[in-house]
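S.K.: Sequence below, structure please.
(chains A and B)
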Amino acid sequence: MDRKTFFQFTAPSNLVMLALMVFPLAIAVWFGLHYMTFSNIQHPEFIGLDNFTEILGDPKFWQAFLWTLEIIAITVPAQLVIGFLVALLLDQVTGRLRSLFLAALLLPMVVVPVVGTIVFKQLFEPSGLVAWFYRTVFSQPFIFNELSMKVVILIHTTWLNTPFVLVIFFAGLQTLPPELTEAAAIDGAGRLQQIRHIVIPHLQTLAVLTGLISVMDTFRLFDNVFVLTRQNPIFNADTILTYNFRVAMAVQQLGRGNAVAILTVIAILIVLIPFLYYTYREQIEQA
Amino acid sequence: MQPIRHPVGRALVFLALVVFALYSVVPFIWTVLQSLKTDAQATALTPLIWFTPTLANYSRLWLNAVTPQTAPVLYGLLAVSAGLVLLGVFAGRLPLPVPVTGWGIVGVIAALLVAVPRLLAMAEFYDYFINSIIVSVAAVAVSLTLASLSGYALARYAGRASVVILLAALAFRALPRMGFLLPYYWMGQRSGLYDTHFLTIMALVAVNQPFSIWLLRGFFREVPRDLEEAAMIDGASRLTAFVRVIIPIMWPGIIAAGLFTLLLAYHEFLLVRILTQSNWTLSVAMAQFVGGFSVAGSISLQSAAAVSATLPIVIVVLIFQKHLVRGLAAGAVKG
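M.R.: Sure thing, here's the model as predicted:
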């Protein structure tokens, strides 16, 4: 394919990217340099980098940042491990049973996250199943405080994101040539050895990519934390994005909200560097 | 890997899968039960497992007025919908060509959606449901068209421009929505497109297409170049060769990409919330059922809304599920 044809084929998608990604980001940076509320949205006041310095000096921002990192550090490895194990298990059943299990296991990914969160939260309401179980076992009512809310957020995030990892790993297992493990079995390798020396190396690249996607997606966690906490400050459970939303919407500091968003963008781009480098190499080698 | 043969081993595998499946499904089963209870039953401190189910919550959610004719019409509609779902699941086994049954089903569904508000006095929830369908279907159609053209070009051209575009797409895939929200709001207000389906759809296409481009590029790289080159030697232009030769063998991959797009469009909360005033989708409408707002307080009504918003998308994914794994295995997950 020559250069001209390439640009013809990519033109429509490039236009959308320019108009709805590059241009809005430029506006976001410009907004970030202004003092801006809903009332002065037509004539915002230029204040330079004040928004940025104020955010970087706000302990609440660093608290949200750290908590987001904690969520990533706990849920992403959990997703990868559970996703891998369940994919291995699912690979063992065939036919109708496989479709049935797959459908059940994918459910958290398929439902609207807001719904998935409501559904999960209901278990912990006074009339819910988990709250009842908790009452019966510990003979005291289950209440949401900072600790229990954070634990529920961690469990729910894992629950919500594991199916994506699972389906990618499961599809990856389908591309593993059966001769490889058969030959290893004939040579006397046990199942664990096969997993360690054949299956895991086969899925390694995939695991790195999926892990990076999960890190990026968890970094911008919003829907479920928003619905679970209703932004109640007693939980101290703001992630970067709910903190951002609070600044932009609840406090109506639109300019400062954009400044938070820009800082998040920069942080994500830093996380992304290895991924970008990997893709760069791959695309160049294709030639 | 080869299957475990030992009966004890098989039983353990089965048991473990059942445990994980329950972990995924139990919250939903609980919500379905809650949605069939009265408010008093739903808030009982000892969970009720056995009770007389009621559909009152669903009619309160979907219907504005209940008349004597409501019940028979409702049961008729439910029967037709159930028939459609069965038809969708078993479409492959009918003696008709798949496109015929496929378009037939789409046609009947469209006719149903138009007919329903004329037969029954539907509540606002139905409007949100229709908005969700319009926005998701349009986002999938536009996004797949743009992304397959771009993904194909990226798979076939390795110049510097392709690297720039690919890296940009990856970066945009990763960025938080928050960075775009206010600019989008501002652009919407300035252009007068605020609260229109058009702007919502284009915004969804913009945030979704980077992932689709990336996924589809993976698929197209697995397609041998000889195929389209043969067609081009026979005189076809590259675009014709792409549409006539490459697309037909790429269906599993395109369906997989389409499913991910559909999920994203149907799920999106923040973007739609900020870009619309009244034209909400289900995802946004759901948030009003969460404590503290207008209709809140009723757990059973909230559950009925949750089940109603979930069921359509679950059915669609069930019908296309096997294409999802086959599609992903065909290209995207090649190490």
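
S.K.: is any part of the helix ranked longest in chain B close to chain A?
M.R.: Longest helix in chain B by number of residues, with DSSP state H as the criterion: helix B:124-156. Yes. Applying CB under 8 Å from any CB of the partner chain, one finds helix B:124-156 touching chain A at B:145-147, B:149-150, B:152-156. C-beta coordinates here come from the backbone N, C-alpha and C atoms, glycine included.

S.K.: Among the residues you listed, name the buried ones.
M.R.: The neighbour-count test (16 or more other CB atoms under 10 Å in any protein chain shown) marks B:146-147, B:149-150, B:152-156 as buried among those.

S.K.: before we move on, the earlier item: what helices or strands is the longest helix of chain B leaning on?
M.R.: helix A:3-17, helix B:56-62, helix B:98-119, helix B:160-174, helix B:197-221, helix B:251-267, helix B:282-287, helix B:299-327 (3 or more CB pairs under 8 Å, 6 or more residues apart in numbering or on different chains; DSSP states H and E).

S.K.: need these in a markdown table with mean neighbour count and mean pLDDT, can you?
M.R.: Putting the helices and strands packed on helix B:124-156 into a markdown table (neighbours: other CB atoms under 10 Å in any protein chain shown; pLDDT from 0 to 100) gives the following:
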| stretch | mean neighbour count | mean pLDDT |
| --- | --- | --- |
| helix A:3-17 | 17 | 92 |
| helix B:56-62 | 20 | 85 |
| helix B:98-119 | 13 | 84 |
| helix B:160-174 | 19 | 87 |
| helix B:197-221 | 23 | 90 |
| helix B:251-267 | 22 | 90 |
| helix B:282-287 | 23 | 85 |
| helix B:299-327 | 21 | 87 |
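
S.K.: Tell me where the stretch 151-287 of chain A has helices.
M.R.: Using DSSP state H, counting those that start in this stretch, the helices of the stretch 151-287 of chain A run over A:178-186, A:191-194, A:200-219, A:223-229, A:240-245, A:254-285.

S.K.: looking at those helices, which is buried most?
M.R.: Most buried of the helices of the stretch 151-287 of chain A, by mean neighbour count (mean count of other CB atoms under 10 Å in any protein chain shown): helix A:240-245, with a mean of 25.

S.K.: Spell out which residues make up each domain of chain B.
M.R.: B:65-121, B:124-332 (automatic domain parsing).

S.K.: For residue B:280, which non-adjacent residue is spatially closest?
M.R.: residue B:128 (5.3 Å; CB to CB, 6 or more residues apart in numbering or on different chains).

S.K.: tell me the contacts of that neighbour?
M.R.: By CB atoms under 8 Å, 6 or more residues apart in numbering or on different chains, the residues touching residue B:128 are B:280-282, B:284-285.

S.K.: how close does it sit to residue A:188?
M.R.: From residue B:128 across to residue A:188, the span is 61 Å (CB to CB, to the nearest Å).

S.K.: Isn't residue B:208 up against residue B:263?
M.R.: No. With contact defined as CB atoms under 8 Å, residue B:208 does not count as touching residue B:263 (9.7 Å).

S.K.: what sits in contact with each of the two?
M.R.: Both residue B:208 and residue B:263 lack any common contact, where contact means CB under 8 Å, 6+ apart.

S.K.: Which parts of the stretch 1-150 of chain A are strands?
M.R.: A:34-35, A:45-46 (DSSP state E, counting those that start in this stretch).

S.K.: so which of the ones you listed gets nearest residue B:18?
M.R.: Residue B:18 lies closest to strand A:34-35 among these, at 56.4 Å (CB to CB).

S.K.: Listing partners with orientation, what would you give for that closest one?
M.R.: With DSSP bridges as the test, strand A:34-35 is paired with strand A:45-46 (antiparallel).

S.K.: can you list contacts of the strand it pairs with?
M.R.: Residues outside strand A:45-46 that contact it (CB under 8 Å, 6+ apart) are A:33-36.

S.K.: least confident pick among those?
M.R.: Here the lowest pLDDT out of the contacts of strand A:45-46 sits on residue A:36, with 85.

S.K.: Tell me who's in contact with residue B:182.
M.R.: So residue B:182 contacts A:27-28, A:31, A:248, A:254, A:257-258 (CB under 8 Å, 6+ apart).

S.K.: and the host helix or strand of it, C-alpha only, in PDB?
M.R.: Residue B:182 is part of helix B:178-191 when elements are defined by DSSP states H and E. These are the backbone C-alpha positions of helix B:178-191, laid out as PDB (Å, rounded to 0.1, in the frame of the first residue of the first chain):
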ATOM      1  CA  MET B 178     -12.500  13.700  32.300                       C
ATOM      2  CA  GLY B 179     -10.000  15.500  30.000                       C
ATOM      3  CA  PHE B 180     -12.600  15.600  27.200                       C
ATOM      4  CA  LEU B 181     -15.700  16.300  29.200                       C
ATOM      5  CA  LEU B 182     -15.600  20.100  29.600                       C
ATOM      6  CA  PRO B 183     -14.200  20.600  26.100                       C
ATOM      7  CA  TYR B 184     -17.000  18.500  24.700                       C
ATOM      8  CA  TYR B 185     -19.600  20.300  26.700                       C
ATOM      9  CA  TRP B 186     -18.200  23.600  25.500                       C
ATOM     10  CA  MET B 187     -18.100  22.400  21.900                       C
ATOM     11  CA  GLY B 188     -21.600  21.200  22.200                       C
ATOM     12  CA  GLN B 189     -22.900  24.500  23.600                       C
ATOM     13  CA  ARG B 190     -21.000  26.500  21.000                       C
ATOM     14  CA  SER B 191     -22.100  24.400  18.000                       C
END
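
S.K.: the inter-axis angle of it versus helix A:254-285?
M.R.: Relative orientation of helix B:178-191 and helix A:254-285, computed by axes from the mean of the first three to the mean of the last three CA atoms, to 10 degrees: 110 degrees.

S.K.: Run through chain A and note the low-pLDDT ranges.
M.R.: A:286-287 (pLDDT under 70).

S.K.: Could you pick out the residues of the stretch 1-150 of chain B near chain A for me?
M.R.: By the rule CB under 8 Å from any CB, the part of the stretch 1-150 of chain B lying against chain A is B:1-4, B:10, B:13-14, B:16-17, B:20-21, B:23-28, B:30-31, B:34, B:42-47, B:145-147, B:149-150.

S.K.: Filter those residues down to the buried ones.
M.R.: Buried members of the residues of the stretch 1-150 of chain B next to chain A, scored by 16+ other CB under 10 Å, are B:1, B:13, B:17, B:20-21, B:23-24, B:27-28, B:30-31, B:34, B:42-43, B:47, B:146-147, B:149-150.
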